[in-house]
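[1] Sequence first, then the predicted structure:
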Amino acid sequence: MAIDLYSSCPCGSGKKFKWCCQPIQEQIDKAYQQNTDGQHEAALRIMNQVTQEHADNPQAWGQLAQLLFSNEQAEEAETALEKALTLDKDYAFGYMLKGHFRLYEGEIAGALMLFRRATELYDPETKTILAQLYFNIFDCEMRLNHPVAAHVAAEKALHLNPANEELRSGLATVFGPENSNLPQAAKKEYRYQTAAASAGSERRAAWDKALAQTKGRLKDAVQAFQALTGEDENDAAAWYNLGLSHAWNGNNLAAVDALDRYVGLEEDDVKAEEAWALAETLLCGQGTEDRANFVEHSVVVPLANPEKFVTYLGELEQQGLLFGARVDEENGILSALLLEKPGPALTAEQEAQQAPRFSAHLVFMGNVLRIWSTNKERLEKQFRSMESQIGPSVSQASWVRGPVKFQDVLVEFFIFPRVLSGDQAGAGALLAKHIEREFEEGWIHRPAKSLGNVSPTEAAGKGKAGKKLRGLLRFIEDCGAMLKLPYDFNRLRQKLGLGGEAAPQKAVGVDVSAMNVAELAGVDVKTLEPGQLEQAFQAAMKLDAREVAGQFAHEIVARPASAERPDRYFWHNHLVQLALARGDTGAALEHVNDGEKDDCEGNEGRRRNDYELRRGQVHAKAGQFAEAQDVFDRLIARSPDDLKYRAAAAESMISGKQGQRAKTYLSAGLDLAKKQQNRDLEGHFQELLGAAERMA
């Protein structure tokens, strides 16, 4: 190996090669040539002689370690390398070599730490070695799902080796706009923010010094911006730059903490949104699982009887619960998506509209099965189902939690409609409607860890949580674009009051279903058609705006009932619940009376018992227990075999601490439940009876 005598020594000592390792290089080259020629024992004899003659030179031991490792003598290689690092704790080549040892063993995080340590120790002039080290760092960070850190490492490698066109092309491919495996926040080229215009001369000088540090070791940049945030805890830009420095170093949790401080201080909603979209990207990396909204859960299991499992997969395929199965015959790998069977349908029309939803990914290689999903509940259900079918074939299951792949962030929202008679458009419309419901009726109310464990509806418009919500929405919108998700996220922004372009209107009238709470509250209910009133009520309920929904319920019941919808108990009952929530039992009783009258006049009194039950409950809530008991007694006399009325009466009395009154309903109810062999209600009555006896 020809090395310039006056270049930095490849051992990383910082000395010139001529005065460092040049005396032993000829023997090292000879040993490696022998090894290349297949004369492994001769090569090792030469290197052992080098270590004997130069026992105090860490490079001699390091090169012996590398030669031993290449000859599959890993334990001996580790011993030799430890000897080298004992001689010189800052032996750069030793850290790089040890990183390769850990990488070979699959310890990605450990290898990464060692590679980063080596970059700190190598002389800046050893550009070829440093370029390779930064490429190794890029590779490790990508494996850990840290694309932001990987991006910077790849750029550093290219800066050190600008003639490497393969590296340049690869960088453009991985982080270019055409890559659909990364969201925009993971591909963006980030830049530090400048000091505030109000900064004094001393702080500006310190800021310039911190920015200068970024041209060297990123570790120094972290320390510099930590000092700046320590001097002024309210400097938003300093927190942003600290977060970016941590992210570039692959320290995602520290980066998220700094960005959290930045978002709280940043008054510009757009900047805060971009910063938190970055934070959500970082939270998908390895090491952040405890705080991430999206996590991959997986189970790996060796199968004692692979043939039986293949038969089971065939049965799933016949049931339409296996999708996209692919076989790589060359490598013996089977991959597919496992689907979850939809629940029972009440009508044939509902059954036609149902479709299995995504459950888990599957990879089967040899006799080892791996299945994974972001939805732990579905994964466990899928695994239990598999166990029940193939029994003893499943053993030694290993459950693992890890970082989510960006393309899997939203996959749990997918369903797989059956395409009937080539009706692709119909299947697509069914999928789009399902996605809409998932976001607007489910996700919008689901607590998110990054929002402080509150739901999007609770976070909207509330200081830092509201700004984070904007960033979270941008992140999931980017992930949706990767999957070509058929959904307009501006609908969510509108519903949450976060602005965005107005959702497209329907051909006739206004699309009240796409409105947010503020917009719904401002609607003139008198101008809405009956169908729009119901849609507006449903939209408000989906947003958990119960008082706003009450406006529409008031207008619905104030109008004459239609022949198509004579039963209006649902809306009357909502008004009763609102009144009770306000503590206004008088108004609640009036709503019961109005509803019962409405039902008698327009619905032939079909809901009489339901209204009477509510009447008794309202009296009990008001402390009018004698009146409540009179109502419950009459109701039970009309329907003596219906256990739900006895249970409801007892529950109302127990809530009012009327244990003795409750016992009169429970004793008879328990006897009747036993007679009807209704085990569920029998147990419920026994629990209530115990509570009533303790109260009495």
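    Yep, that arrived.
[2] Helices along the stretch 201-350 of the chain, start to end?
    Listed in chain order, the helices of the stretch 201-350 of the chain (DSSP state H, counting those that start in this stretch) span 201-213, 218-231, 236-248, 252-265, 269-282, 306-318, 348-353.
[3] quick one: the residue sitting nearest the centre point of the chain from residue 44, how far?
    The centroid of the chain falls nearest to residue 294 when counting by CA atoms, centre = their mean (1.2 Å). In this view, residue 294 and residue 44 are 50 Å apart by CB to CB, to the nearest Å. Just so you know, the C-beta spots here come from the backbone N, C-alpha and C atoms, and that holds for glycine as well.
[4] And residue 297, by the same measure?
    46 Å.
[5] Please enumerate the strands of this protein.
    295-302, 322-328, 333-340, 357-365, 368-373, 398-403 (DSSP state E).
[6] elements contacting the second one?
    Contacting strand 322-328 under the criterion 3 or more CB pairs under 8 Å, 6 or more residues apart in numbering; DSSP states H and E are the following elements: helix 306-318, strand 333-340.
[7] Tell me the helices and strands packed up against the longest one.
    Yep, that's helix 306-318 we're talking about. Right, helix 306-318 is packed against strand 322-328, strand 333-340, strand 357-365, helix 376-390 by 3+ CB pairs under 8 Å, 6+ apart.
[8] 6 Å - rerun?
    helix 376-390 (3 or more CB pairs under 6 Å, 6 or more residues apart in numbering; DSSP states H and E).
[9] hmm, back to that, the residue nearest to the centre of the chain contacts residue 410, correct?
    No. Taking contacts as CB atoms under 6 Å, residue 294 lies outside contact range of residue 410: 8.5 Å.
[10] highest average neighbour count across the helices and strands packed on strand 322-328?
    strand 333-340 (a mean of 19; mean count of other CB atoms under 10 Å).
[11] Report the distance from that one to the chain centre.
    21 Å (CA atoms, centre = their mean, to the nearest Å).
[12] now the angle from it to strand 322-328?
    180 degrees (axes from the mean of the first three to the mean of the last three CA atoms, to 10 degrees).
[13] could I have strand 333-340 exported to PDB, CA atoms only?
    Only the C-alpha atoms of strand 333-340 are listed here, as PDB (Å, rounded to 0.1, in the frame of the first residue of the first chain):
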ATOM      1  CA  ILE A 333     -39.000 -15.900   0.900                       C
ATOM      2  CA  LEU A 334     -42.800 -15.500   1.000                       C
ATOM      3  CA  SER A 335     -44.200 -12.000   1.800                       C
ATOM      4  CA  ALA A 336     -47.800 -10.900   2.000                       C
ATOM      5  CA  LEU A 337     -50.300  -8.700   3.900                       C
ATOM      6  CA  LEU A 338     -52.600 -10.300   6.400                       C
ATOM      7  CA  LEU A 339     -56.100  -8.900   6.600                       C
ATOM      8  CA  GLU A 340     -58.700  -8.800   9.300                       C
END
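[14] Which strands or helices does that strand pack on?
    strand 322-328, strand 357-365.
[15] how about those, which one is nearest residue 258?
    With distances scored as CB to CB, the stretch of the helices and strands packed on strand 333-340 nearest to residue 258 is strand 357-365 (33.6 Å).
[16] Export only the CA atoms of that closest one, formatted as PDB.
    C-alpha atoms of strand 357-365 as PDB (Å, rounded to 0.1, in the frame of the first residue of the first chain):
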ATOM      1  CA  ARG A 357     -58.900  -4.100   6.900                       C
ATOM      2  CA  PHE A 358     -55.100  -4.300   7.100                       C
ATOM      3  CA  SER A 359     -53.900  -6.400  10.000                       C
ATOM      4  CA  ALA A 360     -50.200  -7.100   9.600                       C
ATOM      5  CA  HIS A 361     -47.200  -7.600   7.300                       C
ATOM      6  CA  LEU A 362     -45.900 -11.100   6.900                       C
ATOM      7  CA  VAL A 363     -42.500 -12.500   5.800                       C
ATOM      8  CA  PHE A 364     -41.900 -16.200   5.900                       C
ATOM      9  CA  MET A 365     -38.300 -17.600   5.200                       C
END
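[17] Please point out which parts of that strand sit buried.
    The neighbour-count check on strand 357-365 (16 or more other CB atoms under 10 Å) flags 357-362, 364 as buried.
[18] Also stretch 535-543?
    Per 16+ other CB under 10 Å, stretch 535-543 contains these buried residues: 535-537, 539-543.
[19] how about JSON lines for these, with distance to residue 457 and pLDDT added?
    Shown next, in JSON lines, are those (distance: CB to CB, whole Å; pLDDT from 0 to 100):
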{"residue": "535", "distance to residue 457": "18", "pLDDT": "88"}
{"residue": "536", "distance to residue 457": "17", "pLDDT": "88"}
{"residue": "537", "distance to residue 457": "17", "pLDDT": "88"}
{"residue": "539", "distance to residue 457": "12", "pLDDT": "86"}
{"residue": "540", "distance to residue 457": "11", "pLDDT": "85"}
{"residue": "541", "distance to residue 457": "12", "pLDDT": "84"}
{"residue": "542", "distance to residue 457": "9", "pLDDT": "81"}
{"residue": "543", "distance to residue 457": "6", "pLDDT": "81"}
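[20] Among these, which are located in helices?
    535-537, 539-542 (DSSP state H).
[21] related to what we said a few turns ago, want to try CSV for the helices and strands packed on strand 322-328, with distance to residue 614 and mean pLDDT as columns?
    Below are the helices and strands packed on strand 322-328 laid out as CSV (distance: least, CB to CB, whole Å; pLDDT from 0 to 100):
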stretch, distance to residue 614, mean pLDDT
helix 306-318, 47, 90
strand 333-340, 37, 93
